[in-house]
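Give me a 3D structure for the following:
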Amino acid sequence: MYQHRVWGGAVARLLGVLLLVSCGKTSSGAGSGGGGGTFVSVLDGSGGIPGGGGQPGTPAGAAGDSGGRGEGGTPADGGMTPPVLVPAFAEAARAYAAEYTTWGRVDDELRWAPFLCRIPSPALARASASTDSATHGQKLYSVFAKNHHAYPNGPQTDQVVVKQSWTAELVPGATYDPLAARVPADAGDHFYGYVQGDGGVYRAAAPAGLYIMFRLPPTTPDTDEGWVYATLTAAGEVTAAGRVASCMTCHEVATHERLFGVPTSVD
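Residues are numbered from 1 along each chain as shown. Below is the predicted model:
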């Protein structure tokens, strides 16, 4: 009976020490655990010396850098819509870009026999009314038409219109006077490349590309009731050809079957 009590007491003390040791440990998610108590013989009845408190865990990691902005995707995943580029229309636009200067500017009065009671005016550079710098905005321009006699009122059958454009550059101290310009009458191109604008006189500086409209039969696929819009860079690269939305939005309200028309005379 006495042995049973001794062994019972020893077992109780063993369980107590094991419980004490297990309580001194810490989880891996907290700080590093303090040292466990110094273990003394189970049989002498003494408990372990309590371990020191665990060290605080390391702070939470700093927030990661935000990712860089991804590249624009294709239309299916939210990217920009690619430009309209119908191969046959692009080929025609390149052909017109190669020959349009032979047609003459629509407002060049020096191309015709004298019929005015004043000095004929050369063709004039004009400031675009657009505020969109991605299209015509902030540019000077001049217009050529293949069928000069039909511009702008029509008929528009087989008409081709080319808008030649430049960046605008301020000319300090310049005076705007196109009729005083001495443009040789026998020159192939009679053009006064200056505009009176806010802040002074501006000149047609660096070429800024071509904008072309040409008319096909109204039922032609991929056209705006027969009209094709095309854009070319100053280097001659066709960047769009067909139903160009940015062109159609503006020209659908034009009064001459998609053409706005510039004055063909200064009068």
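
so where is this structure shaky, pLDDT-wise?
The chain contains residues with pLDDT under 70 at 1-80, 111-118, 130-137, 182-183, 185-187, 265-267.

how is it carved up into domains?
Segmentation of the chain into domains, based on automatic domain parsing, reads 1-21+43-48, 85-251.

so which of those domains comes closest to residue 259?
Nearest of the domains of the chain to residue 259, taken as Cβ to Cβ: domain 85-251 at 4.7 Å. (C-beta placed from N, C-alpha, C; glycine too.)

Return the distance of residue 203 relative to residue 171.
Going from residue 203 to residue 171 by Cβ to Cβ, to the nearest Å gives 5 Å.

more crowded one of the two?
In terms of neighbours (other Cβ atoms under 10 Å), residue 203 is the more surrounded of residue 203 and residue 171; the figures are 17 against 14.

so residue 140 sits in a helix?
No - secondary structure of residue 140 (DSSP: H, G, I helix; E, B strand; the rest coil): strand, not part of a helix.

For the closest residue to residue 199 other than its chain neighbours, which three-state class applies?
Among residues not flanking residue 199 along the chain, residue 170 sits closest, at 6.4 Å (Cβ to Cβ, 6 or more residues apart in numbering). Here residue 170 is recorded as strand under three-state DSSP.

I'd say residue 170 and residue 198 touch.
No - Residue 170 is beyond contact range of residue 198, at 10.0 Å (criterion: Cβ atoms under 8 Å).

Who has more neighbours out of those two?
Ranked by neighbour count (other Cβ under 10 Å), residue 170 and residue 198 place residue 170 first, with 12 against 6.

Quick one: residues contacting the more buried one.
199, 200, 201, 202 (Cβ atoms under 8 Å, 6 or more residues apart in numbering).

what's residue 100 in contact with, if anything?
144, 146, 160, 162, 164, 210, 212.

contacting residues for the first one?
Shown here is residue 144, whose contacts under the criterion Cβ under 8 Å, 6+ apart are 100, 101, 103, 104, 105, 106, 161, 162, 164.

Quick one, which of those residues are buried?
100, 103, 104, 105, 106, 161, 162, 164 (16 or more other Cβ atoms under 10 Å).

Just the ones in strands from those residues, please.
Taking DSSP state E as the definition of strands, these contribute 161, 162, 164.

Tabulate the residues you listed in a markdown table, adding columns for distance to residue 139.
Putting these into a markdown table (distance: Cβ to Cβ, whole Å) gives the following:
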| residue | distance to residue 139 |
| --- | --- |
| 161 | 16 |
| 162 | 14 |
| 164 | 10 |
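
Identify, from those residues, the entry nearest to residue 121.
residue 164 (17.7 Å).

residue contacts, the nearest residue to the closest one once chain neighbours are set aside?
Nearest residue to residue 164, sequence neighbours excluded (Cβ to Cβ, 6+ apart): residue 142, at 5.1 Å. Applying Cβ under 8 Å, 6+ apart, we find residue 142 in contact with 105, 107, 123, 124, 125, 126, 163, 164, 191, 204.

Residue 142 and residue 155, how far apart?
23 Å.

what do you get for residue 121?
Residue 121 is 27 Å from residue 155, by Cβ to Cβ.

Contact partners for residue 108?
So residue 108 contacts 122, 123, 189, 190, 191 (Cβ under 8 Å, 6+ apart).

one more time with 10 Å, if that's ok
Listed by Cβ atoms under 10 Å, 6 or more residues apart in numbering, the contact partners of residue 108 are 120-124, 142, 144, 148, 183, 189-192, 264.

from the residues you listed, which is closest to residue 87?
Checking those one by one against residue 87 (Cβ to Cβ), the nearest turns out to be residue 144, at 24.1 Å.

how near is that closest one to residue 177?
On the measure of Cβ to Cβ, residue 144 and residue 177 end up 24 Å apart.
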